[in-house]
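*Asks:* Structural data only, the sequence is not supplied:
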């Protein structure tokens, strides 16, 4: 069983019923447009996620890691980043990517297998998705040490770094080493843990005996738990931690207490490891519905607004679908590209061998021969 | 020309690298105040400061993982792993991250990280302090792997490794740290021997010995001894293990017809296996005898009192030469 939803003990600014509550430490003042902007983000990323899940089911993606249920944690933290801040994601941060201005098709490229997630991290200040659990926490910490060395901390214009991780990642050596490093060097890095209650099938109590946020104290920096389904609270808490980091106050740990409504990835079956009642309990805490209730209660949005957002989501989903289907397969010879910054003679020789071998099929006049005639038993082609 | 030990030559090379580029950093356990357990970084923190020469927490994965982040930020970290047998906790960051990020980013992220590892046995150390893990890294695409055998190469190769835009695993033969040689600190970098090139260190016509790092001296001594028996052995210092530069080896084998590969690492799937396979493919009709290997055994590195039995030495090399001529 997972830890039950705490009624108190986490930062919350919007109740599951959509009532605005106040917190003396973390209150935020937002404009009406900003509230509506959060709603738009939440709906659009959920829609991209749903479309990607459908594309996987139809065989267009090899795999998909759904963010369903975690939209508020991602949008709240993602919108708290300033343009100069750097984010190090896992493979599930599609909502954060959205906030950084990364095209949703980008993640689909990796899951479709047309590349391995290629990107220039500096284009959107968003590093490539990391698949090995927790590895990116060290990269983020090292990057933050670089920020520090560059003299880019100590004032409001400073830079901060955020590393995303899950509850399972807190068991990894690399994550604990990152905590040690960040503390020892007072690196400007915020560790944003989305505790979605399961590491594939293993519940959080298989990772820890204490609430995750309390671990930070042992490493010597603040840890805070926030309602991960409350976009206002995740925004407020993350913004504070990032600002503290950019002012030179060192690292922080945020545990966004949330829930993964879907499977870990499209490969697993969550009905094997969790009960329907638990899912139902979390459905009542849905991040989008609570903000919708708030917007309606406060008369910040009406049917026209919601229809407009839905239409925009439809349009985005159609664009993502079309874009996905149109992604070209990479050219075979690109297998050999970019292994090294300075290519080596032996590898270039292998490329030549491959080129010569491939050209035999082209020279035969039947360019399809290789892909249609199995050359040997068990050939995938 | 100055006569200095390998440890001093590496120190001078690192000093020069720190001088040349302010983005260059040294990081590792005890590299600062202590100057490293082998004193290779001696005095560098004093002269370049704690921000350039960083004593890290005691965690190898953290050293490499944070170096990756620093490199992404534009720095050129030189990491020290204190001993060969301690590199394994960092193995995942090296193999899964450091080696692959340039590839998966389509070349948009360069990681000019150097990992210095004192390696090999012969110093009477305790467990985990005498291993030869080079094959693990040579097997991994995206890494470059080199090893120096003498002070002159130590001085230039470490600077070439730091200048490389690719990750370089730099193996230092710890039993040779205290051996002296002539180092030319003034020679311009353009005149340095290329980093990824093997070198014939003793010409000969009867058989070829190829090895690297700590074994180069052993091979040279073997060749001296063989000369007394009237056999003229050619000795090749491989220097670069990935990419593997076998052109000088092919050329040599085509003249001598005999090849013996020497290394401390266990023989199974070691560098010798790869060299034997490639030389056989390339020089089949030139070979008078099969390619032979003189290596460590397929055991864990033994207790120090037995390491003389384990390590290839002059007698084992000459025995292999005899066997080659026996075919």
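*Replies:* That came through, no problem. Keep in mind that this is a model prediction, so the values were computed, not measured.

*Asks:* So, low pLDDT: which residues of the chain?
*Replies:* You didn't say which chain, so I picked chain A. Along chain A, the model assigns pLDDT under 70 to residues A:1-8, A:364-381.

*Asks:* Pop the domain breakdown of it in here.
*Replies:* Chain A breaks down by the TED database into domains covering A:14-326, A:334-363.

*Asks:* Could you do chain B as well?
*Replies:* B:2-191, B:199-325 (automatic domain parsing).

*Asks:* re the thing from before, so for chain B, which of the domains of chain A sits nearest?
*Replies:* When these are compared by CB to the nearest CB, domain A:14-326 sits nearest chain B, at 2.4 Å. To be clear about C-beta, it is placed using only N, CA and C from the backbone, and glycine gets the same treatment.

*Asks:* Tell me if the closest one is near chain B.
*Replies:* Yes: using CB under 8 Å from any CB of the partner chain, domain A:14-326 comes into contact with chain B via A:115-121, A:127-128, A:132, A:135, A:137-147, A:149-150, A:173-174, A:177-178, A:180-181, A:184.

*Asks:* quick one: residue A:163 and residue A:187 touch, right?
*Replies:* No: here residue A:163 does not reach residue A:187: they are 10.3 Å apart, not a contact under CB atoms under 8 Å.

*Asks:* between the two, which one's more packed in?
*Replies:* Taking other CB atoms under 10 Å in any protein chain shown, residue A:163 and residue A:187 do not tie; residue A:163 has more neighbours (32 against 27).

*Asks:* Helix or strand: which one has that one?
*Replies:* Per DSSP states H and E, residue A:163 falls inside strand A:161-166.

*Asks:* Check residue A:87 too.
*Replies:* strand A:86-88.

*Asks:* So what touches that strand?
*Replies:* A:78, A:81, A:93, A:96, A:100, A:121, A:125-127, A:130, A:136-137, A:139-140, A:143, A:147, A:159-164 (CB atoms under 8 Å, 6 or more residues apart in numbering or on different chains).

*Asks:* Swap in 6 Å and give it another go.
*Replies:* A:96, A:125-127, A:136, A:139-140, A:143, A:161-163 (CB atoms under 6 Å, 6 or more residues apart in numbering or on different chains).

*Asks:* How about the most centrally placed residue in chain A, nearest residue that isn't a chain neighbour?
*Replies:* With distances taken as CA atoms, centre = their mean, residue A:93 lies nearest the centre of chain A, 1.0 Å away. Leaving aside its sequence neighbours, residue A:93 sits nearest to residue A:164 (CB to CB, 6 or more residues apart in numbering or on different chains; 5.3 Å).

*Asks:* What is the burial count for the one you found?
*Replies:* Residues lying near residue A:164 (other CB under 10 Å) number 29.

*Asks:* Please report how far residue B:2 lies from chain A.
*Replies:* Per CB to the nearest CB, to the nearest Å, residue B:2 is found 30 Å from chain A.

*Asks:* cool, residue B:55 as well?
*Replies:* Using CB to the nearest CB, residue B:55 is found at 10 Å from chain A.

*Asks:* what bridges to that residue?
*Replies:* residue B:28 (DSSP bridges).

*Asks:* Buried ones among the contacts of strand A:86-88?
*Replies:* A:96, A:125-127, A:136, A:139-140, A:143, A:161-163 (16 or more other CB atoms under 10 Å in any protein chain shown).

*Asks:* ok so, going back, any chance of the domains of chain A in JSON lines, plus distance to residue B:141?
*Replies:* Formatted as JSON lines, these follow (distance: least, CB to CB, whole Å):
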{"stretch": "domain A:14-326", "distance to residue B:141": "13"}
{"stretch": "domain A:334-363", "distance to residue B:141": "5"}
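
*Asks:* Could you check how far the strand holding residue A:163 is from the centre of its chain?
*Replies:* Chain-centre distance of strand A:161-166: 9 Å, with CA atoms, centre = their mean, to the nearest Å.

*Asks:* could you check the angle strand A:161-166 makes with the following helix or strand past that strand?
*Replies:* Remark: after strand A:161-166, the chain's next helix or strand is helix A:173-185, criterion DSSP H and E. Interaxial angle, helix A:173-185 versus strand A:161-166 (axes from the mean of the first three to the mean of the last three CA atoms, to 10 degrees): 150 degrees.

*Asks:* hmm, who's touching helix A:173-185?
*Replies:* Helix A:173-185 is contacted by residues A:134-135, A:137-138, A:141, A:145, A:169, A:189, A:219-221, A:251, B:57, B:59, B:61-62, B:65-66 when judged by CB under 6 Å, 6+ apart.
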